[in-house]
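Novice: Return atomic coordinates for the entry below.
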Amino acid sequence: MTGGRSAALRVALWHPDGLRVLLRDGALPQVELAADADLTASLRAAWGLESWLLHDGGRAMGREGAAQLQALGDQAPGGFGWGQADLSPLAGARAWQRPGWPQRAASVLETALEQVGLRRTGRLDPVHHHDLVAVVRAQTERGAVYLKASETGREAAVTARLAQTLPDLLPPLLWADPGAGLLVSASGGKLLDGVAELTAWEQALERLARLQTGADATALARLGCPAWPLDEVTGRVDTLLGDRAALETWGLGPEHIGTLEEARPAVRSAFRDLGALGLPDLPAHGDAHPRNALHGPRGSVWFDLSEAASAAHPFMDAGWFLAFTLHPARAKLPVRLAQADLEARLAAAYVNALGCPGADRLLLKTLPLALLHRAAVYDAQFRGWEGTVPGWRPEYTPFYLKQAVRELARLA
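Specialist: Residues are numbered from 1 along each chain as shown. All right, here's what the predicted structure looks like:
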């Protein structure tokens with residue numbers, strides 16, 4: 001068991017039939033668990049059971065609900081038994097948070113791989129999951145493949161569309177079912193933030209510009225991708241920065257709130273300068289950071305199109321990419337250690353690919369605007385959001401607001 005304070009966690013471990021749960025003395029059992037311990041590994045060590053985590057009961061958010069898992073075999077350990085309990089699958093649970101998901105994921109992958117002449121080797125590996133998505137990895141004789149499940153079919157539909165029209169910008173798409181919110185892709189290589197070669201990073205930005213200029217905005221809108229035009233985002237950002245109650249609801253303290261309120265005139269002026277450049281709103285990746293890019297056999301490619309937009313100012317994508325890369329916490333990225341003038345090189349690569357050479361200084365000035373854009377978009381999406389953990393919502397908005405505060409000096 002790993003370090004950290006230990007506590008007892010109540011566990012609802014479903015039988016593979018999805019009808020019974022593991023009981024000890026007629027009740028749900030508990031397991032002693034360190035705060036940072038892996039739950040499935042802890043159950044394996046304590047009870048000798050292989051299991052699949054469906055929902056942690058809010059443990060990652062500091063809540064104390066019962067964790068829900070599914071056993072991967074039907075043998076109960078000594079002192080335990082399978083039986084009925086006064087328990088239902090989690091209220092509001094997504095498909096991947098319900099009993100039966102491991103079997104369904106295996107079946108989906110078998111169907112998808114069979115259509116492209118591949119066969120799974122080994123067990124499924126759940127990479128990550130939460131209320132918004134789930135990702136499962138599997139190995140084949142030709143390398144890793146990834147199953148992604150989403151609550152809506154938009155990402156699968158957008159990925160399928162771009163795989164037809166701009167295939168070299170994405171990892172190989174093997175199969176998609178937008179109606180079920182499912183897609184299966186082959187590995188596109190290594191995460192970009194682990195790559196030291198500057199040319200791979202420049203190519204990622206060049207291909208981001210190609211995605212923005214080459215994707216069909218009308219088709220993306222038909223698939224449900226929202227539009228975040230610059231004029232609208234300018235207003236949304238200004239309104240959010242002036243809404244002290246909303247900022248407090250998001251957990252910002254007086255210092256951050258005061259800084260953002262004071263910055264409103266400079267932010268409005270910077271948005272005007274950006275509009276004066278004359279670039280049109282274009283299709284957007286929506287979450288273009290280096291951990292959503294890969295470098296491999298196809299070169300640098302983009303994945304995770306869950307936040308794709310039919311229209312946004314193109315510097316919002318590129319600004320977030322640069323803000324992520326240049327953050328002090330990422331000073332030891334291999335490419336930053338290898339390239340002293342990385343900021344200038346990446347900015348120039350992007351604006352040249354976009355067809356606006358000489359706009360690199362303006363791009364760098366707009367990094368805080370890109371972060372504020374993201375804060376406003378997430379505020380619109382998650383302010384009233386409710387998920388499977390009562391009282392919790394994704395904390396993206398305060399994250400980006402605080403990041404923006406650090407970058408406001410660029411507006412001077």
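Novice: longest helix in the protein, by residue count?
Specialist: helix 254-276 (DSSP state H).
Novice: Now do the helix or strand following that helix, average pLDDT.
Specialist: Using DSSP states H and E, the helix or strand that follows helix 254-276 in sequence is strand 282-284. Mean pLDDT, strand 282-284: 98.
Novice: List the contacts of the next helix or strand along the chain from strand 282-284.
Specialist: As assigned by DSSP H and E, the chain's next helix or strand after strand 282-284 is strand 293-296. With C-beta atoms under 8 Å, 6 or more residues apart in numbering as the contact definition, strand 293-296 has outside contacts at 171, 187-192, 195, 197, 200, 203-204, 300-303. Where C-beta positions appear, they are placed from N, C-alpha and C, glycine not excepted.
Novice: Enumerate every residue touching the residue nearest the centre of the chain.
Specialist: The chain has residue 304 as the residue nearest its centroid, 7.0 Å off, counting by C-alpha atoms, centre = their mean. Each residue near residue 304 by C-beta under 8 Å, 6+ apart is listed here: 155, 287, 292.
Novice: Pull up the gap between it and residue 349, please.
Specialist: 21 Å (C-beta to C-beta, to the nearest Å).
Novice: If you tally nearby residues, what's the number for residue 412?
Specialist: 6 (other C-beta atoms under 10 Å).
Novice: cool, and residue 266?
Specialist: Counted with other C-beta under 10 Å, residue 266 comes out at 13.
Novice: Ok, residue 110 next?
Specialist: 14.
Novice: Show me the beta-bridge partners of the residue lying closest to it once chain neighbours are set aside.
Specialist: In space, and not counting its chain neighbours, residue 110 is closest to residue 120: 6.7 Å by C-beta to C-beta, 6 or more residues apart in numbering. Beta bridges link residue 120 to residue 140, judged by DSSP bridges.
Novice: correct me, but residue 120 touches residue 143?
Specialist: No - Residue 120 lies out of contact with residue 143 (C-beta atoms under 8 Å); the separation is 11.7 Å.
Novice: Look at these two and report which has more neighbours.
Specialist: residue 120 (17 against 12).
Novice: Relative to residue 295, how far out is the more buried one?
Specialist: From residue 120 to residue 295 the distance is 25 Å (C-beta to C-beta).
Novice: With residue 108 instead?
Specialist: Applying C-beta to C-beta to residue 108 and residue 295 gives a distance of 28 Å.
Novice: Same question for residue 69.
Specialist: Residue 69 is 35 Å from residue 295, by C-beta to C-beta.
Novice: Same question for residue 101.
Specialist: For residue 101, the distance to residue 295 - C-beta to C-beta - is 31 Å.
Novice: Counting neighbours, what do you get for residue 107?
Specialist: Count around residue 107 with other C-beta under 10 Å applied: 10.
Novice: any idea how far it lies from residue 13?
Specialist: 22 Å.
Novice: Is residue 52 within a helix or a strand, and which one?
Specialist: strand 51-55.
Novice: Just give the strands next to that strand in its sheet, each with its orientation.
Specialist: Partners of strand 51-55, by DSSP bridges, with direction: strand 67-71 (antiparallel).
Novice: The partner strand: what's the following helix or strand?
Specialist: Next element after strand 67-71 (DSSP H and E): strand 81-83.
Novice: Which secondary structure elements does the helix or strand following that following strand sit against?
Specialist: Downstream of strand 81-83, the first helix or strand assigned by DSSP H and E is helix 101-115. With contacts defined as 3 or more C-beta pairs under 8 Å, 6 or more residues apart in numbering; DSSP states H and E, helix 101-115 has these neighbours: strand 51-55, strand 120-129, strand 133-140, strand 143-150, strand 173-177, strand 182-186.
Novice: and helix 101-115, how far from the chain's centre?
Specialist: Centre-to-centre, helix 101-115 and its host chain are 22 Å apart (C-alpha atoms, centre = their mean, to the nearest Å).
Novice: List the buried residues of whatever helix or strand residue 13 lives in.
Specialist: Per DSSP H and E: residue 13 is located in strand 6-14. By 16 or more other C-beta atoms under 10 Å, the buried positions in strand 6-14 come out as 9, 11-14.
Novice: Give me the residues contacting the helix or strand following that strand.
Specialist: Later in the chain than strand 6-14, the nearest helix or strand by DSSP H and E is strand 21-23. Residues outside strand 21-23 that contact it (C-beta under 8 Å, 6+ apart): 11-15, 28-29, 49, 71, 76, 80-85, 87.
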